[in-house]
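>>> structural data only, the sequence is not supplied:
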DNA sequence: ACCCATATTCAAGTCATCTTTATATTGCCG
DNA sequence: CGGCAATATAAAGATGACTTGAATATGGGT
């Protein structure tokens, strides 16, 4: 899973959002570090829908513009949970390797 | 930074290794989860050398075959350290979002 | 009137990674 | 001796997520 995908699933984890809402939520959650491009987002939403990790929730008509809301599926939540565990594990392993490099000798 | 790149830097963090050694170390560190392809590895080593994150350490002639050892540069260690912090931060954010989904209401 | 934020979609291109293939040497097996 | 596996590196082509850029449309602010 690449980062844009990770952030889209993360944004949708707490509640359904429409495309533009995902853009804003990702920016907020990543404290401005991750800025999703529109092309990336909508292509990813289609792909993730096809994979069954997200699904359309409902449509809203606001000011003549249609908003399509998406929600995380249970499979999507499971996938994000697994990915989160992997990230944590990877970070732990890298930190341990770096500590060896710096000669702390903390690892038995 | 994509995962193969992350694992190559992680493998080289504690000591210099030659190509095949990186393959084995990545497999060991990831507990068999990550299996680097040879093509991915050598292309990445060239790219990372060009970027100054790793550099050739020395060559050894073993049984008529040349082994080229690579080491992590200081810049490479800094990059891996930054990446590790990012992974941890991302994992924390996703875990918090998932906990909201599951309705624990732990967040404010 | 013009620009900006909102909101979505599409086309073209980039680039890391994956797959496959080639090369070379050593050692084992039959 | 011939073929096969393991070691070791490299290069070619394919894949596909992602990036860039633009088109389309509405409403608010200056």
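It's in. Values in this document were obtained by computation on a predicted structure and should not be read as measured data.
>>> for chain A, which spans come out with low pLDDT?
A:104-108 (pLDDT under 70).
>>> which parts of it sit against DNA strand D?
Proximity of chain A to DNA strand D is confined to A:1-5, A:36-40, A:43-44, A:47, A:63-65 under the rule Cβ under 7 Å from any atom of the strand. The way it works is simple: take the backbone N, C-alpha and C, and place the C-beta from them, glycine included.
>>> looking at the residues you listed, spot the one nearest residue B:77.
Residue B:77 has its nearest neighbour among the residues of chain A next to DNA strand D in residue A:3, at 21.7 Å by Cβ to Cβ.
>>> roughly how far does residue A:58 sit from residue A:64?
Residue A:58 is 18 Å from residue A:64, where distance means Cβ to Cβ, to the nearest Å.
>>> looking at the two, which is more packed in?
More neighbours surround residue A:58 than the other of residue A:58 and residue A:64, with 11 against 5 (other Cβ atoms under 10 Å in any protein chain shown).
>>> could you look up the SS state of that one?
Classification of residue A:58 by DSSP: H, G, I helix; E, B strand; the rest coil places it in strand.
>>> show the contacting residues for it.
By Cβ atoms under 8 Å, 6 or more residues apart in numbering or on different chains, the contact set of residue A:58 is A:16, A:69.
>>> distance of it from residue A:11?
Using Cβ to Cβ, residue A:58 is found at 17 Å from residue A:11.
>>> could you do residue A:74 as well?
Distance, residue A:74 to residue A:11, by Cβ to Cβ: 17 Å.
>>> try residue A:86
Separation of residue A:86 from residue A:11 (Cβ to Cβ): 19 Å.
>>> settle this for me: residue A:55 is touching residue A:69, isn't it.
No. In this structure, residue A:55 is not within contact of residue A:69 by Cβ atoms under 8 Å, at 10.1 Å.
>>> between these two, which one's more packed in?
residue A:69 (17 against 14).
>>> helix or strand: which one has the more buried one?
Using DSSP states H and E, residue A:69 falls within strand A:65-72.
>>> against which helices or strands is that strand packed?
Counting contacts by 3 or more Cβ pairs under 8 Å, 6 or more residues apart in numbering or on different chains; DSSP states H and E, strand A:65-72 is packed against helix A:3-13, strand A:17-18, helix A:19-29, strand A:54-62.
>>> what angle sits between that strand and strand A:54-62?
In terms of direction (axes from the mean of the first three to the mean of the last three Cα atoms, to 10 degrees), strand A:65-72 departs from strand A:54-62 by 150 degrees.
>>> strand partners (parallel or antiparallel) of strand A:65-72?
Strand pairing for strand A:65-72, using DSSP bridges, gives strand A:17-18 (antiparallel), strand A:54-62 (antiparallel).
>>> hmm, the longest one in reach of DNA strand C?
Yes. Looking at strand A:54-62 against DNA strand C by Cβ under 7 Å from any atom of the strand, the contacts come from residue A:62.
>>> buried stuff in that strand?
Judged by neighbour count using 16 or more other Cβ atoms under 10 Å in any protein chain shown, the buried positions of strand A:54-62 are A:54, A:57.
>>> quick revisit: quick one: contacts of the strand holding residue A:69?
Strand A:65-72 has contacts (Cβ under 8 Å, 6+ apart) with A:9, A:12-13, A:15-22, A:45, A:49, A:53-61, A:80, B:101.
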